[in-house]
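*Asks:* structure for the following, please:
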Amino acid sequence: MSDAVARLAEVRAKITRACEDAGRSHEVTLVAVSKTFEAEAIRPVLEAGQRVFGENRVQEAQGKWPALRDAFPDFELHLIGPLQSNKAKEAVALFDVIETVDREKIAAELAKEMERQGRRPRLYVQVNTGLEDQKAGIDPRETVAFVNRCRETHGLAIEGLMAIPPADENPGPHFALLEKLARESGVQKLSMGMSGDYETAIQFGATSVRVGSAIFGSR
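*Replies:* Numbers count the residues shown, from 1 in each chain. Below you'll find the predicted structure:
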């Protein structure tokens, strides 16, 4: 058994325990973040039954996932990195879930491409809970209004919210803020928590966690 497969089993067990500790049923989806790893490193994790994966860049994902889909047609691919408007066409064609809708231009381009292609990936709005200049995501104070515009102006069905808390801060208040914004926006899904804090995120209501290095090892 590869190291990644052993670590996958450990992460799954920790998710189960975190759900039990929080008094939740086991409805948390594990998104295995495979960015920077080649297909040969991903394949054992697919063979171990993992079916939901996250990638940061459209071009990188295009280089490895179409061939993997031939062998594993039932996996689900999430875009979890910033999306440029000129990559909307490729993103809609490749990804099953786009977690990083964060501005009007992206919403408009996705709406156009989804109509053109007849393909409708599920969508999340990314929120910059720490108001960090270097990080993508919409201002928390604008989130509810932006979700409403995505629905009413662009005809987009927003499924959830996503956030990446500042690395040097306690993630708990950021997770609590995202959960509050989700309730106010009327969305059901919360993508929050990574390798270092996914158990905490589950305590705050995460419905999916994005775990990379704890499965695949350091990059």
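*Asks:* just checking, next helix/strand downstream of whichever strand or helix holds Gly63?
*Replies:* Assigned by DSSP states H and E, Gly63 belongs to helix 58-71. Once the chain leaves helix 58-71, the next helix or strand it forms, by DSSP H and E, is strand 76-79.
*Asks:* just for the chain, where's the confidence low?
*Replies:* Applying pLDDT under 70 to the chain flags the ranges 1.
*Asks:* and the strands in it?
*Replies:* Taking DSSP state E as the criterion, the chain carries its strands at 29-33, 52-55, 76-79, 97-101, 122-127, 158-163, 189-191, 208-211.
*Asks:* any chance of these in TSV with distance to Glu10 and mean neighbour count as columns?
*Replies:* Backbone N, C-alpha and C define where each C-beta goes, glycine included. Listed next are the strands of the chain as TSV, based on distance: least, Cβ to Cβ, whole Å; neighbours: other Cβ atoms under 10 Å:
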stretch	distance to Glu10	mean neighbour count
strand 29-33	12	23
strand 52-55	17	23
strand 76-79	21	22
strand 97-101	24	25
strand 122-127	27	25
strand 158-163	24	24
strand 189-191	21	24
strand 208-211	10	26
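*Asks:* which outside residues touch the helix holding Gly63?
*Replies:* 35-36, 38-39, 42-43, 46, 53, 55, 75, 77, 79, 83, 87, 90-91, 94-95 (Cβ atoms under 8 Å, 6 or more residues apart in numbering).
*Asks:* likewise stretch 193-211?
*Replies:* Contact with stretch 193-211 is made by 11, 14-15, 17-19, 21-22, 24, 27-33, 52, 54, 78, 80, 160, 164-165, 171-172, 175-176, 178-179, 188-192, 212-215, as judged by Cβ under 8 Å, 6+ apart.
*Asks:* how near is the closest residue to Pro165 other than its chain neighbours to Arg57?
*Replies:* Nearest residue to Pro165 in three dimensions, chain neighbours excluded: His174, at 3.7 Å (Cβ to Cβ, 6 or more residues apart in numbering). Computed as Cβ to Cβ, to the nearest Å, the His174 to Arg57 distance reads 24 Å.
*Asks:* between those two, which one's more packed in?
*Replies:* Set His174 next to Arg57 and count neighbours by other Cβ atoms under 10 Å: His174 wins out with 23 against 17.
*Asks:* so which residues of this protein form helices?
*Replies:* For the chain, the helices defined by DSSP state H occupy 3-21, 39-47, 58-71, 88-94, 104-117, 143-152, 171-185, 198-203, 213-216.
*Asks:* okay, how far is it across stretch 131-145, tip to tip?
*Replies:* Using Cα to Cα, to the nearest Å, the end-to-end distance of stretch 131-145 comes to 17 Å.
*Asks:* give me the contacts around that stretch.
*Replies:* 82, 100, 102-103, 125-129, 146, 161, 163-164, 166, 177, 181, 184-185.
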